[in-house]
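Q: predicted structure and sequence below. I'll ask about it afterward.
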Amino acid sequence: MSKKRGRAAVVVLGDIGRSPRMQYHALSLARQASLKVDIIAYGGSDPHAAILEHPSIFIHRMAEWPKFTQKLPWVLRCIMLLLKPVFQFIVLLWHLCVKIPAPDFFLVQNPPSVPTLIAVKWASWLRRSVFIVDWHNFGYTLLGLSLGRGSRFVAVYRWFEKHYGQLADGSLCVTKAMQHELAQNWGIRATVLYDQPPEFFHPSSLLEKHKLFLKLDKELRYCEGIQDCISHGGTDMRTDEQSDTLFTTIITGSGTAEKPHRPALIVSSTSWTPDEDFGILLEAAVMYDRRVAALLNEDDSEQEVVSWDRMDAGRQYMYPRLLFIITGKGPEKELYEQKIKKLHLRRVAFRTMWLSAEDYPVLLGSADLGVCLHTSSSGLDLPMKVVDMFGCGLPVCAVSYSCIEELVKVERNGLLFSSSSELADQLLALFKGFPDKCDVLRSLRSGAVETRSSAAWATEWEEHAQPLFLKVTSKDCC
């Protein structure tokens, strides 16, 4: 490459709307490095408006593998699975070598590794560009969840991932644990770039909360096929379309206020995949419901609607109703929605939904607690969803695994659990006396706000990522 072109290509073999870290990379490359940025990815979900509106960011959506192949007979489906990476490779190479102008460097998300790393490396040779990998996890460990770690396919996949990863001109990764693994066992020197939330993740104001809850009111109060402590009497509880929600109300002369008898709002974002055991959350919800009933000496034979009538009438209990909002898309969503419908709980309700990139941060900033079920296929990555929650000043209860404490500081900004029983205990401890007398929850929220203010994506990126990009591109220019 004889001279710099003032251009970068961000490559994601996935839905760009569900790849927040790569969206933030694109924004920083455009804003802080003043580069033109081409994003090559699949469509599906819209990225944040800041991406769509930036004049120097261009999104190129690739054709996806036809979905009808999933309905073919088993033998044909196996053949199609072998052809799928070939199709993806050709589509990727076409976009990287023909559809976009030659960039100074390609920045590619890993995983997926095959055929992504191969296609991007070939494109970097052909276009005389620098090849940089951002390691979010290890692709072979994700494949191992479905095929087993001992599978020959997994071994071959790992070889390709390691070989082409070693051919990169530069590497970023998400944790110190992953940096150590790459250095010790893969021969790859990577720079740690911790995920940090961008500026549009922040605690929500009362007015922002009220507007969001008005927008979501029907989805929250009514859930098809389910009668629970939230939907019961939902239409009667709604008085004025502009002034009243489940959580907030407008008081004449005083403005917006939170309702004293509101449910506690808990948010969990999930990809509905095997590396997130959603069953833990369902079991914890059942345990919370039963333990509260025992603590309050409630009669098991009493019908649920009787309890709901008392709650609707404003009766205050030591432990609140819990409303879990589960966001995200994924293969196991329908399975768990059916399980939720079979639950019969007095003071716990679930809602599943997909929010826009603009509404999601407002929801996090409006919630009382976040729950993360991510366990990591490699044990070496950190959940972006927790970073987003901290960005909105939201404390988190997260599944404990090897490197999660690089992010979640126990009893400072969150708690860790290893079982559904532990999570149920934490829910009881955190929400006792809600909303005014839960000191532990208030302390964790203060810690989450401190975590948010300690670092920002733009600062972290400028300190760690930008020097790497400058270094490898300058070396290639010489």
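A: Received it, and whenever you're ready, just let me know what you need.
Q: please look at Thr175 and Ser402 and confirm they touch.
A: No: judged on C-beta atoms under 8 Å, Thr175 makes no contact with Ser402 at a distance of 9.5 Å. C-beta: built from backbone N, CA, C; applies to glycine.
Q: any common contacting residues for those two?
A: Residues touching both Thr175 and Ser402 (C-beta atoms under 8 Å, 6 or more residues apart in numbering) are Leu380.
Q: Ala429 versus the residue nearest to Ser419 when sequence neighbours are not counted, what's the distance?
A: Computed as C-beta to C-beta, 6 or more residues apart in numbering, the closest residue to Ser419 that is not its neighbour in sequence is Ile280, at 7.3 Å. In this view, Ile280 and Ala429 are 17 Å apart by C-beta to C-beta, to the nearest Å.
Q: between the two, tell me which one has more neighbours.
A: Ile280 (21 against 12; other C-beta atoms under 10 Å).
Q: buried set for the helix or strand hosting the more buried one?
A: Under the criterion of DSSP states H and E, Ile280 resides in helix 279-295. Across helix 279-295, burial judged by 16 or more other C-beta atoms under 10 Å covers 280-289, 291-293.
Q: likewise for stretch 70-80?
A: Met80.
Q: then stretch 110-128?
A: Under the neighbour-count criterion of 16+ other C-beta under 10 Å, stretch 110-128 has 110-124, 127 buried.
Q: is the nearest residue in space to Glu304 that is not next to it in sequence in a helix, a strand, or coil?
A: Among residues not flanking Glu304 along the chain, Arg346 sits closest, at 5.4 Å (C-beta to C-beta, 6+ apart). What DSSP: H, G, I helix; E, B strand; the rest coil gives for Arg346 is coil.
Q: repeat for Gln109
A: Quick answer, by three-state DSSP: Gln109 is strand.
Q: just checking, it touches Asn137?
A: No: using C-beta under 8 Å, Gln109 makes no contact with Asn137, being 9.8 Å away.
Q: what do these two both touch?
A: By C-beta under 8 Å, 6+ apart, no residue touches both Gln109 and Asn137.
Q: all strands for the stretch 51-200 of the chain, in order.
A: In the stretch 51-200 of the chain, the segments counted as strands under DSSP state E, counting those that start in this stretch are 57-61, 105-110, 130-135, 170-173, 191-192.
Q: and these: which comes nearest Thr69?
A: strand 57-61 (19.7 Å; C-beta to C-beta).
Q: what pairs with that closest one, parallel or antiparallel?
A: With DSSP bridges as the test, strand 57-61 is paired with strand 36-42 (parallel).
Q: just how off-centre is the partner strand within its chain?
A: 21 Å (C-alpha atoms, centre = their mean, to the nearest Å).
Q: repeat for stretch 336-351
A: Distance, centroid of stretch 336-351 to centroid of chain: 22 Å (C-alpha atoms, centre = their mean).
Q: on that earlier part again, between Thr175 and Ser402, which is the more surrounded one?
A: Between Thr175 and Ser402, Thr175 has the larger neighbour count (other C-beta under 10 Å), namely 25 against 13.
Q: how far away is the closest residue to Glu276 other than its chain neighbours from Gly165?
A: In space, and not counting its chain neighbours, Glu276 is closest to Leu373: 4.3 Å by C-beta to C-beta, 6+ apart. Separation of Leu373 from Gly165 (C-beta to C-beta): 28 Å.
Q: which parts of the stretch 301-450 of the chain are helices?
A: Counting by DSSP state H, counting those that start in this stretch, the stretch 301-450 of the chain has helices at residues 304-312, 333-341, 359-366, 384-391, 420-431, 439-454.
Q: hmm, which two among the buried residues of stretch 110-128 are most spread apart?
A: Greatest spatial distance among the buried residues of stretch 110-128 (C-beta to C-beta): Pro111 and Arg127, at 23.2 Å.
Q: partner strands of the longest strand anywhere in the chain, parallel or antiparallel?
A: Identified as the longest strand of the chain according to DSSP state E is strand 7-15. Strands that pair with strand 7-15, judged by DSSP bridges, come out as strand 36-42 (parallel), strand 105-110 (parallel).
Q: mind putting those in TSV, distance to Leu322 and mean pLDDT included?
A: Formatted as TSV, these follow (distance: least, C-beta to C-beta, whole Å; pLDDT from 0 to 100):
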stretch	distance to Leu322	mean pLDDT
strand 36-42	35	97
strand 105-110	35	98
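Q: what's the closest of these to Gln23?
A: Per C-beta to C-beta, nearest to Gln23 of the strands paired with strand 7-15: strand 36-42, 8.1 Å.
Q: quick one: residues in contact with that closest one.
A: 6-16, 19, 22, 26, 29-30, 47, 51, 56-62, 64, 92, 95-96, 99-101, 103.
Q: dump the C-alpha coordinates for it into CSV.
A: C-alpha atoms of strand 36-42 as CSV (Å, rounded to 0.1, in the frame of the first residue of the first chain):
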residue,chain,number,x,y,z
LYS,A,36,-14.8,6.9,5.7
VAL,A,37,-16.1,3.6,7.0
ASP,A,38,-17.7,0.8,5.0
ILE,A,39,-19.7,-1.7,7.1
ILE,A,40,-20.1,-5.1,5.4
ALA,A,41,-22.6,-7.2,7.3
TYR,A,42,-26.0,-8.9,7.1
